[in-house]
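Q: what follows is a predicted structure for the sequence shown.
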Amino acid sequence: MRMWHRLTLLFVLLLAPVSYAQQGSGTDTSRQPRSEDLRELLSARAYGMGGAWRALGIGAESGTGNPAALAAFRSYRIELTGAWDWVGQDAFGSVALADSATSPLAAGVSYQLVSLGKGVERATGHLNTVGLAVPFGEAFMIGVNSRYLLLRGAREANAITGDAGILFRPSPVIAIGVSGHNLIGTGNAELTRYYSAHAGVFAGLLTLAADVRADFETNNQTTLTYSGGLEYILGQNFPIRAGYTWDGFTRSSQVGVGIGLLTPGGGIDLAYRHDFGGENGRLVALTFKVQVQ
């Protein structure tokens with residue numbers, strides 16, 4: 001009965017965005033929207049790996065990427081992240097929880113407080129995400145999430161949408177996934193629809209990841225963003241990370257680097273991202289995490 005109850009919740013999540021999706025506040029979509037702002041709310045580990053993270057399924061923030069990745073590893077995870085871009089004056093804080101250890105159905109929730117823009121262009125947002133994932137054995141997973149955005153200030157949004165994804169793990173060291181994001185149209189420039197294909201390789205102490213995002217709607221053209229990154233764990237406890245992103249919206253490059261400390265019950269991650277072009281952002285992020293397997 002408990003399993004059927006959780007499966008019912010999964011279908012509710014699928015239907016909720018359809019039932020409650022609201023039209024946006026009339027944002028002028030003829031201009032390039034700031035949709036990338038909300039696509040780049042990552043953990044410090046993901047920033048350090050250049051934004052290539054959706055296939056990995058290790059962090060509690062997995063439900064905000066490909067929700068199927070929530071079921072990739074059996075564990076209970078809590079993460080607290082803060083990030084600050086002192087050039088673009090963007091900042092966010094988040095708390096995320098994911099549980100794939102206590103039930104066959106994996107679940108995750110997250111809350112993100114976002115402050116975007118400078119001066120009169122500043123906006124403050126609250127982004128809430130609830131995700132569920134169902135594993136079919138160890139090799140195949142599907143997941144959905146529902147997301148609510150409340151944005152006030154120079155930019156306005158009050159809308160609900162959702163994502164869906166699948167993750168395929170043909171072996172314990174390979175993960176391949178695809179996902180669709182903001183699948184329910186809201187009319188908000190911050191929630192434009194896009195798709196992602198991603199892969200990860202876990203080779204002992206080395207992790208490699210790649211992510212391609214495609215937006216077919218913004219400015220009525222196809223916009224592609226490419227990310228790739230790696231992580232290597234020194235002495236079982238000290239991960240070092242590096243990654244690169246080509247941002248198709250701003251036509252600029254981003255380089256990320258990061259370090260961390262792993263403990264039996266969690267750890268801490270620190271990352272820095274440097275933009276070459278675009279807003280020339282300089283971002284630092286810090287994540288505290290707790291994990292129980």
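A: Good, I have the coordinates.
Q: C-alpha from now on. contacts and neighbour counts both.
A: OK.
Q: which residues does residue 248 contact?
A: By Cα atoms under 8 Å, 6 or more residues apart in numbering, the contact set of residue 248 is 223-226.
Q: flag the shaky bits of the chain, pLDDT-wise.
A: Applying pLDDT under 70 to the chain flags the ranges 1-35.
Q: and the residue nearest the centre of it, how close does it get to residue 232?
A: Nearest to the mean C-alpha position of the chain, counting by Cα atoms, centre = their mean, stands residue 65 at 3.6 Å. Applying Cα to Cα, to the nearest Å, the value for residue 65 to residue 232 is 22 Å.
Q: just give me the neighbour total for the residue lying closest to residue 283 once chain neighbours are set aside.
A: Using Cα to Cα, 6 or more residues apart in numbering and skipping the chain neighbours, the partner closest in space to residue 283 is residue 85 (4.1 Å). By other Cα atoms under 10 Å, the residues close to residue 85 number 19.
Q: export stretch 52-71 as CSV, just CAs?
A: Provided in CSV are the C-alpha atoms of stretch 52-71 (Å, rounded to 0.1, in the frame of the first residue of the first chain):
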residue,chain,number,x,y,z
ALA,A,52,28.0,19.4,-16.1
TRP,A,53,26.1,17.6,-13.4
ARG,A,54,22.6,16.4,-14.5
ALA,A,55,23.7,12.8,-15.1
LEU,A,56,25.6,12.3,-11.8
GLY,A,57,22.8,12.0,-9.3
ILE,A,58,25.1,12.4,-6.3
GLY,A,59,24.0,15.7,-4.8
ALA,A,60,20.7,16.6,-3.2
GLU,A,61,20.1,19.1,-5.9
SER,A,62,19.6,16.3,-8.4
GLY,A,63,15.8,16.9,-8.4
THR,A,64,16.3,20.4,-9.9
GLY,A,65,18.2,18.9,-12.9
ASN,A,66,17.2,15.6,-14.3
PRO,A,67,14.7,14.4,-11.6
ALA,A,68,15.3,10.7,-12.6
ALA,A,69,18.8,11.1,-11.1
LEU,A,70,17.3,11.2,-7.6
ALA,A,71,17.1,7.4,-7.8
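Q: what's in contact with stretch 285-293?
A: 43-45, 47, 74-84, 101, 264-272.
Q: report the buried members of those.
A: 43-45, 47, 74-84, 101, 267-272 (16 or more other Cα atoms under 10 Å).
Q: which of the residues you listed fall in helices?
A: Assigned to helices by DSSP state H, the following of the buried ones among the contacts of stretch 285-293 qualify: 44-45, 47.
Q: right, and residue 160 touches residue 147 too?
A: Yes. Between residue 160 and residue 147 there is a contact under Cα atoms under 8 Å: 5.6 Å.
Q: of the two, which one has the most company?
A: Between residue 160 and residue 147, counted using other Cα under 10 Å, the more crowded position is residue 160 (27 against 23).
Q: that one looks like it's in a helix, true?
A: No. If the criterion is DSSP: H, G, I helix; E, B strand; the rest coil, then residue 160 is strand and not within a helix.
Q: partners of it in the sheet?
A: residue 148 (DSSP bridges).
Q: now distance to residue 116 too, for the ones in helices among the buried ones among the contacts of stretch 285-293, in a markdown table please.
A: Shown next, in a markdown table, are those (distance: Cα to Cα, whole Å):
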| residue | distance to residue 116 |
| --- | --- |
| 44 | 18 |
| 45 | 21 |
| 47 | 18 |
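Q: between those, which sits nearest residue 202?
A: If you rank these by distance to residue 202 using Cα to Cα, residue 45 comes first, at 15.2 Å.
Q: give the buried residues for stretch 136-151.
A: Counting neighbours by 16+ other Cα under 10 Å, the buried set in stretch 136-151 is 140-149, 151.
Q: and it, how far from the chain's centre?
A: 11 Å (Cα atoms, centre = their mean, to the nearest Å).
Q: in this protein, which spans are helices?
A: Using DSSP H, helices in the chain cover 2-20, 35-39, 44-48.
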